[in-house]
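1. fold the following, please.
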Amino acid sequence: MAEERFTVEQADVKDCKQEFKQTLSLRKKLLNKIPLESWNLSYFHIFDRQFPIAAQAKVALSTDCWGNKICDTTKLNAEIKCLHICIFPFKEKTAVLVISKMDDNVEETINCLKSISDDEAAKALIALIMNGSRDFYFDQKTPQEIFNNAYLRALAGNEDESLCYISSDHPIEDEVAKEIVQESALQSTPLLLADYQRIPDYVIGK
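-> Sure thing, here's the model as predicted:
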């Protein structure tokens, strides 16, 4: 467990260093008036109701809610594909937007997002945020039943326990068993995200 946590923290440090270098590079380009790489406002909608959830998160995608494979986030040197997802509730309205750098994989996700209703899109984005980030906040008046919702807890990784059954007629080495458990966890993420419509309507202000 300690080794796995150290590996995850190594990956986080690597991402932070890469982002810092990119920020310095952008600053230099701005000072020299060099055109920047294109970031797109990929999705934007204002709902005429206030959501009980607020978020501003950078979500690294391994897969999306429609089964599209984006990148392998388990590899230390993998190129991470991200969506910047914002949910801003204000004065009985809510602005939902997605900012991204376009490539073929991320474009598939955006196209799926635009092909469904805005209510479904909001639920899909909330599922991605809750599964891939901790930068979301619920209104203090949110009823306890929402916090107890089994699907939301599973998305946020707050289940009381996670079980993986391994059956074999022969002894299994610890490393092999660990790989099986990790693979099981990775396979559970697409299944969770695919059920995004299970998010209660209350979470999108209905």
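2. how is the protein partitioned into domains?
-> 1-37, 38-204 (automatic domain parsing).
3. lowest average confidence across the ones you listed, which one?
-> The minimum mean pLDDT among the domains of the chain belongs to domain 1-37 (a mean of 56).
4. what is the helix or strand where residue 127 lies packed up against?
-> Assigned by DSSP states H and E, residue 127 belongs to helix 118-132. Packed against helix 118-132, as judged by 3 or more CB pairs under 8 Å, 6 or more residues apart in numbering; DSSP states H and E, are the following elements: strand 40-47, strand 53-60, strand 82-90, strand 93-100, helix 104-114, strand 136-138, helix 150-155, helix 174-194. In short, each C-beta sits where N, CA and C put it, glycine included.
5. tabulate the ones you listed (JSON lines), appending distance to residue 204 and mean neighbour count.
-> Converted to JSON lines, the helices and strands packed on helix 118-132 look like this (distance: least, CB to CB, whole Å; neighbours: other CB atoms under 10 Å):
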{"stretch": "strand 40-47", "distance to residue 204": "7", "mean neighbour count": "15"}
{"stretch": "strand 53-60", "distance to residue 204": "8", "mean neighbour count": "18"}
{"stretch": "strand 82-90", "distance to residue 204": "9", "mean neighbour count": "18"}
{"stretch": "strand 93-100", "distance to residue 204": "8", "mean neighbour count": "18"}
{"stretch": "helix 104-114", "distance to residue 204": "15", "mean neighbour count": "16"}
{"stretch": "strand 136-138", "distance to residue 204": "13", "mean neighbour count": "15"}
{"stretch": "helix 150-155", "distance to residue 204": "13", "mean neighbour count": "17"}
{"stretch": "helix 174-194", "distance to residue 204": "16", "mean neighbour count": "13"}
